[in-house]
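A.B. asks: fold the following, please.
(3 chains)
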Amino acid sequence: MPKAATLSIAWLGLIVFLLALPHGLSFSQQEILVFLTINVLLVASYRLMTLTGEWSLGHVVIMGVGAYASALYAKQLGVFVPVSMLLGAVTAALIALALSYPLFRMKGFYFLIGSFAAGEIIRLLWKRFRDPFGGPKGIKKINPMPDFDIGFYSFDFFEPVSYYYFALVVVGGSLWILWRIERSPVGLTFHAVHWQDKLAQSAGVNVRAYRTLAFVIASGFAGLAGALLAHYIGTINPNSFDVELMVFVLTWAIVGGTATFYGPILGCVVLSILNEVVLRELGFEQMRPLIYGLILICSVLFLPKGLESVVQNYLRRRNGKAMAEKGSAA
Amino acid sequence: MTSHFLEVDNLVMRFGGLTAVDGLSFVVDHGAIHGLIGPNGAGKTTTFNMISGFYRPTSGQVRLRGEAISGLPMHEVARRGVVRTFQHSTLFAELTVLENALVGTHMSFRPNIFAAILGVDMEDRRGAKARAEEALEFFGLLDFENEPAGELSHGHQRALGMAVAMAAHPDVFLLDEPFTGMNPEETKHMMTLMEKLRDSGATILLVEHDMHAIMGLCDQITVMSFGKFLAEGGPEEIRNHPDVIEAYLGGARHVA
Amino acid sequence: MGELLAQTALNALYAASYLSLVAVGLVLIFGVMGVINFAHGELFMLGAYGVVVFYADLQLSFFFAIAIGLVFVGLVGLGMERALFRPLRDNPLGGLVASIGFLMVLQALAAMGFGVRMEHVPPVTQQVISFSDKVHLAVPRLYVIIAAVVLLTALWAFLKKTQFGWALRASAQDPEAAALQGISINQTSRIAMFIGAGLAGVAGALTAPMVSVNPHMGHSVIVAAFIVIIVGGVGSLEGAVVAAVAYSLVHTFVTTFYDGVIADIVGLSLMLVVLIVKPTGLFGTADRA
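C.D. replies: All right, here's what the predicted structure looks like:
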């Protein structure tokens, strides 16, 4: 079979699987599926940021900026919800742009600490200012997505399945854009900035502008993920976007590996399934931070290239085998 | 005042109490291969770093066609047509050989993110690829274009560094010790390529230790010693210049 | 007004004392091993739980509980050095990430062992020193101040006067040269980690009776400590102490005259400004990152 045809069938199979998936699950599992879909966007956007070599500890707070902004636009200003989500994403991107001025004067570990501090400041502002952020209790009764009908399917957003389909389309579209960016000359320049910023500069690359670009795009998509979350759960507060969630994102990215596009997504999906299937079913849900902490430590120590390296080794071995078979046949 | 092509005017660089370059001036003519030499610690690399925008000079100026380029960030210097290579094998080791050269085409085919998402930049991408492959072919690297740059031999890595610069189509190449680590065969081949580059209209300024290569290649040579200008002239002149011999060997022997 | 100022200054002195114990340990670890220990706030928390167990629950002497806290947390530090930081020595970012993982582990263990509720530790003594009608210093707070002065002086003497201290300073300045001098990096790392962790443990233990002990108490401590080490210059012990005093004054005064959240925001903004203007800190020179 030609390679292109195999690939199309694989994609078709994946889409059918993703569409059918919620129907085999319980209500609470469907809810978890929605969160997982949103988290995939969160971690994929995080990877775009890491392409330029900088690891932020403020990414989850930026997601929160998108969530707060979208919730407030819808609730206070009466903006139509899907539009408010887009505006939330734009707000997150603009806040990131503003933060990039101080933050990109730093590099490496200083950037890490700086992004952490910037995130904490934003979280404290939410806590301090009841109007409009609602203080420590946050924002409640956030407008849900309005139901609508597209002929063959009517979206009822009280049902997780409907929201899952909606999120699937939004996240799928976002991933497609992120993928296109990575595979373009812009993505190549991100890599160049990461591996040898001096050499990139000597080729005329404005390194700081590209770092900022990656940060702003990543933040926009993180904000979109936050907006998706806010209008699904209906209530957000400063602790929804705390260090613990940031550690989860780091863990997904590092366990999956950040050298490939699919690595962090793989990490997120595998660990979420592990979490839901193993921990929840066995009644170990309380141990989630403990398990995540241990997994993070173990993957840094023993699997520095992430799960993707396991997949790549497998593919290489299989290809090698196929090659060998071809060779012996010839 | 007539404006020279590339002019170094009274450059000074101080690090703390140490004066690495002290009032250096010289002129590089258009279409020349110009060597900058001097004993270890003479301040050649520091000078180089000031011309390329890596350092901001304490005082003095570097001018290209009369326009001051010193003090600009490196990417701005590059955009004005002055592109440098680095000592050792500074490459994108994780990227393929072709991708390395593609980064070199950045200025001519400036990436546009929206065009990239929509896929309407295919013409630019083809143009960039053609340009990159042209540079790779020039340096004999086309056969390796899909290999990771980090897996090339040392000589090929040096050549790739040049190819990345060439893909940028600069007016001035700044080459930082281009022959280090090359065997005589490779050095000879590289010298021919540099002459070809010059004949196609490029200007080359290089810092180099290999006296043999310098003398055989350069049209004009500037000698530095202890951060200061020492002598200037053609290879023959420099070879027999008493100050240069003195500086290099304490007057004991002939240079090279 | 004068009395309020005096009282606030005393409060700031107390805050500066435990904060400098935490920050100095963090700087010591960074200096010798080149890694930022994100779990340092959790070592502080462990020290506090040591007091909960040995003093509040088992009714042993308070000072005995503190001594146990020092040794136990110091040993945890040794374990971290061996299991996390040594294998990741060539990978400072990896060490930092591993310490974030360890932070989660310690928090989760504390939550499982003690529950997330706040632990109340009975006061060691009700004694209060009164300077005037309105200016007081509770004796437990005085203990913290005294401990900070004694321990930091001892550390200073150790670093300047002993062979170990010399080795430690040498490997903080230039690890490769130190290794060539025959200084064992493993040895200096162990010492730095034991001292750094132990100081955090003592600070947590001493302050336990005055704060609410809970598994997440490390967060605000590590945030404050980060501010202090960045402002003081990462790698400078003296800078950390000076910055701890300065930060505590600012924070305590803003808290007293405005409110606590604003004080946190001011502190973090201060740190961002320092990071922007002079990333090596106001007193620092060392830069290993």
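A.B. asks: kindly list the longest helix within the chain.
C.D. replies: In the absence of a named chain, this looks at chain A. Of all segments of type helix in chain A, defined using DSSP state H, the longest is helix A:207-233.
A.B. asks: my bad, the chain I had in mind was chain C
C.D. replies: helix C:2-33.
A.B. asks: give me the helices and strands touching it, please.
C.D. replies: The helices and strands touching helix C:2-33, judged by 3 or more C-beta pairs under 8 Å, 6 or more residues apart in numbering or on different chains; DSSP states H and E, are helix C:40-51, strand C:136-138, helix C:139-161, helix C:163-173, helix C:185-207, helix C:218-232, helix C:237-257. Every residue, glycine included, has its C-beta placed from N, CA and C.
A.B. asks: and the ones you listed: which comes nearest chain A?
C.D. replies: helix C:218-232 (5.9 Å; C-beta to the nearest C-beta).
A.B. asks: output the set of residues of chain B in proximity to chain C.
C.D. replies: Chain B comes close to chain C at no residue, as judged by C-beta under 8 Å from any C-beta of the partner chain.
A.B. asks: just the pLDDT for whatever residue of chain B ends up closest to chain C.
C.D. replies: Relative to chain C, the nearest point of chain B is residue B:16 (12.5 Å; C-beta to the nearest C-beta). With respect to pLDDT, residue B:16 scores 77.
A.B. asks: now swap in the one 5 residues further on and tell me
C.D. replies: We note a pLDDT of 90 for residue B:21 in this prediction.
A.B. asks: that older thread, quick one: the longest helix of chain C to chain centroid distance?
C.D. replies: 9 Å (C-alpha atoms, centre = their mean, to the nearest Å).
A.B. asks: gap between the residue of chain B closest to chain C and residue A:67?
C.D. replies: Using C-beta to C-beta, to the nearest Å, we find residue B:16 at a distance of 50 Å from residue A:67.
A.B. asks: which helices and strands sit right next to the next helix or strand after the longest helix of chain A?
C.D. replies: Per DSSP states H and E, the first helix or strand lying C-terminal to helix A:207-233 is helix A:243-256. Judged by 3+ C-beta pairs under 8 Å, 6+ apart, helix A:243-256 is in contact with helix A:27-50, helix A:59-76, helix A:262-273, helix A:288-302, helix A:307-329, helix C:92-114.
A.B. asks: reformat those as CSV; add mean neighbour count, distance to residue A:5 and mean pLDDT.
C.D. replies: Shown next, in CSV, are those (neighbours: other C-beta atoms under 10 Å in any protein chain shown; distance: least, C-beta to C-beta, whole Å; pLDDT from 0 to 100):
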stretch, mean neighbour count, distance to residue A:5, mean pLDDT
helix A:27-50, 22, 27, 93
helix A:59-76, 27, 39, 96
helix A:262-273, 21, 21, 91
helix A:288-302, 20, 36, 87
helix A:307-329, 12, 17, 63
helix C:92-114, 22, 42, 88
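A.B. asks: so which of those comes closest to chain B?
C.D. replies: Closest among the helices and strands packed on helix A:243-256, once you apply C-beta to the nearest C-beta, is helix A:27-50, at 11.5 Å.
A.B. asks: OK, contacts around the residue in the stretch 101-250 of chain B positioned nearest to chain A?
C.D. replies: Residue of the stretch 101-250 of chain B nearest chain A, by C-beta to the nearest C-beta: residue B:116 (3.3 Å). Neighbour list for residue B:116: A:180-181, A:184-187 [criterion: C-beta atoms under 8 Å, 6 or more residues apart in numbering or on different chains].
A.B. asks: of these, which are in range of chain B?
C.D. replies: Checking these against chain B (C-beta under 8 Å from any C-beta), the matches are A:180-181, A:184-187.
A.B. asks: in the stretch 1-150 of chain B, which spans are helices?
C.D. replies: For the stretch 1-150 of chain B, applying DSSP state H, counting those that start in this stretch gives helices covering B:44-51, B:74-79, B:97-104, B:113-118, B:122-138.
A.B. asks: what's in contact with the longest one?
C.D. replies: Spelled out, that is helix B:122-138. A:185, B:97-98, B:101-102, B:104-105, B:108-109, B:112, B:115, B:142, B:144-145, B:160, B:163-164, B:166-167, B:169, B:193, B:196.
A.B. asks: whichever of the residues you listed end up buried, select them in PyMOL.
C.D. replies: Under the burial definition 16 or more other C-beta atoms under 10 Å in any protein chain shown, those of the contacts of helix B:122-138 that qualify are selected in PyMOL by:
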select buried, (chain A and resi 185) or (chain B and resi 97+98+101+102+104+105+109+115+142+144+145+160+163+164+166+167+169+193)
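A.B. asks: residue ranges in chain A under the pLDDT threshold?
C.D. replies: Scanning chain A for pLDDT under 70 picks out A:1, A:317-330.
A.B. asks: one more time with 50
C.D. replies: Applying pLDDT under 50 to chain A picks out residues A:327-330.
A.B. asks: so which elements touch the one helix or strand residue A:5 maps to?
C.D. replies: With elements taken from DSSP H and E, the one containing residue A:5 is helix A:3-20. When contacts are defined as 3+ C-beta pairs under 8 Å, 6+ apart, helix A:3-20 packs onto helix A:160-182.
A.B. asks: all set now, cheers.
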